[in-house]
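Visitor: Dropping the sequence and predicted coords here.
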Amino acid sequence: MALRSQQPVAQRAAGLMPSRAISHKQVKVRQRRGHIWAVIFQLALFSGIIALGALLYNIVNQSFGYVAIINEIDPAELAVDGVPLNELPKDTLTRILETNISKGLMRRYENDMPFTERSRENVHELILERVVEPQVAATWSLADSIFARTRVFEEAKEKYPDSHVYFRSWLTTNFVSKAQSSEPLRAGVRTAIFGSLWVVAITILFSFPIGVGAAIYLEEYAHKERFLNRLIQTNINNLAGVPSIIYGMLGLAIFVRMLEVFTSGSFLDGGGDTTANGRTIISAGLTLGLLILPLIIINGQEAIRAVPHSLRQAGFGLGATHWQVIWHHVLPGAMPGVLTGTILAVSRAIGETAPLIVVGASTFIAVDPNGPFSKFTVLPIQIYQWTSRPQDEFRNLAAAAILVLLILLLSLNASAVLLRNRFNRNQANA
Amino acid sequence: MAGAGQGDTTVPGGGPPLDLRRKPRLAETIIQGFLFLCGAISILTTLGIVLVLGRESLLFFANEEVDLLKFFGGTEWQPAIGRFGIWPLVTATFMASLIAMAVALPMGLCIAIYLSEYAGHRARSILKPILEVLAGIPTVVYGYFALTFMTPLLRVIFGRDLVEIYNTASAGIVIGILVIPLVSSMSEDALSAVPNSLRQASYGLGATRLETAVRIVVPAALSGVAAAFIVAISRAIGETMIVAIAAGAGPNFTFSPFRAAETMTGHIVRISGGDLSYDSIDYNSIFAIGLLLFLITLSLNILSQWIVRRFREEYE
């Protein structure tokens, strides 16, 4: 739009310049408009930050709070001679368990592990699980638990008269160290954490060497004029924009189906879980490896490009071969940048969900994965499954699992930032 | 790029002139071959994607239940009774993306302008990492956020009767929040690349800061900003977990943002998450959807690269 203060030259020449008062007013209008928009720009930024805040608040809000529990049998009734349940010795606990559960179940526990070998805590846990049988009746958010405490208690008393209400943190050490379970009060994410670690280990083993190799090739060897090299470069840039779910379908068709003999571990003669059908940790790891490969290559190229040419020229001047220069001079200089890029790519891999669902993560796994050929579940998939359940208590579990995932990612990212800072300092010193 | 313009006798990266390497060393050649293979894996990946999607899609369209015309013309996707019309999935995808863009484009551009033209050095060094955090959060967490925060919020604002528990509006808004950092950081890079002399000239003519930003800097960086927008659209279309969690399960041909509808990505996740038997029409159908998704996002990405190349303003 044309500024109102800009008058045609002819008018100005004819002495039709706007009077001082008018132009002063127009300047004021323009200034006011500038101020308003400055506020709008700032508001946009702050709403972005508020969105981040709302997201974190929402997760913390769901991770802690009051729960109403209904017990099948009140633990107080199980007390012997006035000694409460959690202080009884093992023998008494075993007897209580025996009198309250069926003989068949008792025999099964005995077969799993004889009671003489079980610890007191273990028997105590079995009693809680099989005799007391606590069930979640209702859960409340952290905000409600803090600001509307009386209402929470009234509601619990009214709707669930025989429940007892207590403040529960869904994120506990038990939650991290226990295996997946269909009982929300006893469910944990240990198997999912191990699954994530296994998958990411495979991902790194696959994509780091190949990614760095490709970056070296493109920066140090490839003639940029050649068609093939240009094709590789364009292709990598395009691969970085392919939706992750497409990689999942690629993994499903190639790793799970076509290479089933290898990815199911059956070529190792019974080395793997035969029921997995190629839907194994190694398939997942390779799929994610392909997914983050373009990111590692692009970051690696940037890091290698940043190494000063004088280093290479000095190396060549001393008669080093091309590879010797790369290995002894270019790579050490580029390594911090390469590692930073890799860590960021890996944290992307840890958070990926969709491709792993397509590749076929198992829905329910209560045993730790024992190798690259076992079935798997990972943290994000656990979160997805708990989120899709309609009951509130599973939402709480999902929130707690999200906290675990975010803490994991945060520490990874922090290490990337530290690495970058150290790199910058070293550069400044050099 | 260094070394590229120095003629044929030098190796890129400042290597020694070729004629000095009279005796090519075997180990060096092997290493170079291995590194080339590493680079070639990316080509293989693309070929793999195209072949896999193409092959299974061909199987899908070769099936007698499927009609190419009905696939692109039908408004009903019911694999159980042999109705394969892609439109319900496409409309849901575009609706969610449209809502996402309505959130992300203005906000992202405003943030980019603020960071590049208004914020001081210190403010930028604090604010940019915060936005990076937003970009680093896994999408499944955003899905949880959409379902447990955005949907209840929308239901409070617009009424429980109007807004269903699963709806594209909530998913779309949260996708928008997800891509804000992408738009703002790419646009900010483009805005910051505009040379300062342009700004100084504008101030010299008496323009205000806003006029300089909106009428000088943004037009000068328009190709970069447009590329950022297109990449954001492509990202929103390919986004999976948010819609899988919050947009609903079950294809639904509707244009109401407050009703449940399944997007292309959401459908792929739901079908492959169940017990999927290979060589069934369900299995083949998700690859046909995947091929369409791949083609849409690929052409958007290529378009954005073309815009950057074609319309870049060069200032020396």
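Guide: Received the coordinates, thanks.
Visitor: ok, the residue nearest to B:Phe72 when sequence neighbours are not counted - contacts?
Guide: Spatial nearest neighbour of B:Phe72, excluding adjacent residues (CB to CB, 6 or more residues apart in numbering or on different chains): B:Ile86 at 6.3 Å. (C-beta placed from N, C-alpha, C; glycine too.) Under the criterion of CB atoms under 8 Å, 6 or more residues apart in numbering or on different chains, the neighbours of B:Ile86 are B:Phe71, B:Phe72, B:Gly74, B:Trp77, B:Ile289, B:Leu292.
Visitor: Report the residue spans of the chain with pLDDT below the cut-off.
Guide: I went with chain A, as the question did not name one. Chain A contains residues with pLDDT under 70 at A:1-18, A:82, A:268-276, A:363, A:423-430.
Visitor: switch to chain B, that's the one I care about
Guide: Ranges of chain B meeting pLDDT under 70: B:1-24, B:275, B:316.
Visitor: now check the helix ranked longest in it, is it near chain A?
Guide: Assignment by DSSP state H gives helix B:26-62 as the longest helix of chain B. Yes. For helix B:26-62, a contact with chain A is found by CB under 8 Å from any CB of the partner chain, at B:27-28, B:31-32, B:34-43, B:45-46, B:48-49, B:52-53, B:56.
Visitor: Pull out the buried residues from the residues you listed.
Guide: For those, a neighbour count by 16 or more other CB atoms under 10 Å in any protein chain shown gives the buried set as B:31-32, B:35-36, B:38-42, B:45-46, B:48-49, B:52-53, B:56.
Visitor: Please identify the nearest residue in space to the residue in the stretch 251-400 of chain A that chain B sits nearest to, excluding sequence neighbours.
Guide: Across the stretch 251-400 of chain A, the shortest distance to chain B (CB to the nearest CB) belongs to A:Gly351, at 2.7 Å. Among residues not flanking A:Gly351 along the chain, B:Pro138 sits closest, at 2.7 Å (CB to CB, 6+ apart).
Visitor: How about B:Gly73?
Guide: Per CB to CB, 6+ apart, closest to B:Gly73 is B:Gly85, 6.6 Å.
Visitor: Contact partners for that neighbour?
Guide: So B:Gly85 contacts B:Lys70, B:Phe71, B:Gly73, B:Gly74, B:Thr75, B:Glu76, B:Trp77 (CB under 8 Å, 6+ apart).
Visitor: ok, now which ones touch the nearest residue in space to A:Pro243 that is not next to it in sequence?
Guide: Among residues not flanking A:Pro243 along the chain, B:Gly238 sits closest, at 2.7 Å (CB to CB, 6+ apart). When contacts are counted by CB under 8 Å, 6+ apart, B:Gly238 touches A:Val242, A:Pro243, A:Ser244, A:Ile245, A:Ile246, B:Thr265, B:Leu293, B:Thr297.
Visitor: May I see the buried residues of stretch B:80-99?
Guide: Quick answer for stretch B:80-99 (16+ other CB under 10 Å): B:84-97, B:99.
Visitor: try stretch A:208-223
Guide: Buried residues in stretch A:208-223 (16+ other CB under 10 Å): A:208, A:210-222.
Visitor: ok, so of the residues you listed, who is nearest B:Ile157?
Guide: A:Gly211 (45.8 Å; CB to CB).
Visitor: and the stretch 151-300 of chain B, which of its residues are near chain A?
Guide: B:177, B:180-181, B:184, B:208-211, B:214, B:231, B:234-235, B:237-241, B:244-245, B:265, B:268-269, B:272-273, B:278, B:286-287, B:290, B:293-294, B:297-298.
Visitor: Just the buried subset of these, please.
Guide: B:177, B:180-181, B:184, B:208-211, B:214, B:231, B:234-235, B:237-241, B:244-245, B:265, B:268-269, B:272-273, B:286-287, B:290, B:293-294, B:297-298.
Visitor: Tell me, how many residues neighbour the residue nearest to B:Gly82 when sequence neighbours are not counted?
Guide: Nearest in space to B:Gly82, with sequence neighbours left out and distances taken as CB to CB, 6+ apart, is B:Glu65 at 4.5 Å. Neighbour count of B:Glu65, defined by other CB atoms under 10 Å in any protein chain shown: 13.
Visitor: Pretty sure the residue of the stretch 251-400 of chain A closest to chain B sits against B:Ala135.
Guide: No. Counting by CB atoms under 8 Å, A:Gly351 does not reach B:Ala135; the two are 11.1 Å apart.
Visitor: Looking at those two, which is more packed in?
Guide: The neighbour count for A:Gly351 versus B:Ala135, taken as other CB under 10 Å, is higher for A:Gly351 (23 against 14).
Visitor: so who does the closest residue to A:Gly341 other than its chain neighbours touch?
Guide: Leaving aside its chain neighbours, A:Gly341 sits nearest to A:Asn299 (2.4 Å; criterion: CB to CB, 6+ apart). Counting by CB under 8 Å, 6+ apart, A:Asn299 makes contact with A:Ala215, A:Gly337, A:Val338, A:Thr340, A:Gly341, A:Thr342, A:Leu344, A:Ala345.
Visitor: Contact partners for the third one?
Guide: When you say that, I think you mean A:Val338. A:Val212, A:Ala215, A:Ile296, A:Asn299, A:Gly300, A:Ala303, A:Ile304, A:Leu331.
Visitor: how close does A:Tyr109 sit to A:Lys103?
Guide: 11 Å (CB to CB, to the nearest Å).
Visitor: From B:Met241, how far out is whatever residue of the stretch 1-150 of chain B ends up closest to chain A?
Guide: Using CB to the nearest CB, the closest approach of the stretch 1-150 of chain B to chain A is made by B:Pro138 at 2.7 Å. Distance, B:Pro138 to B:Met241, using CB to CB: 8 Å.
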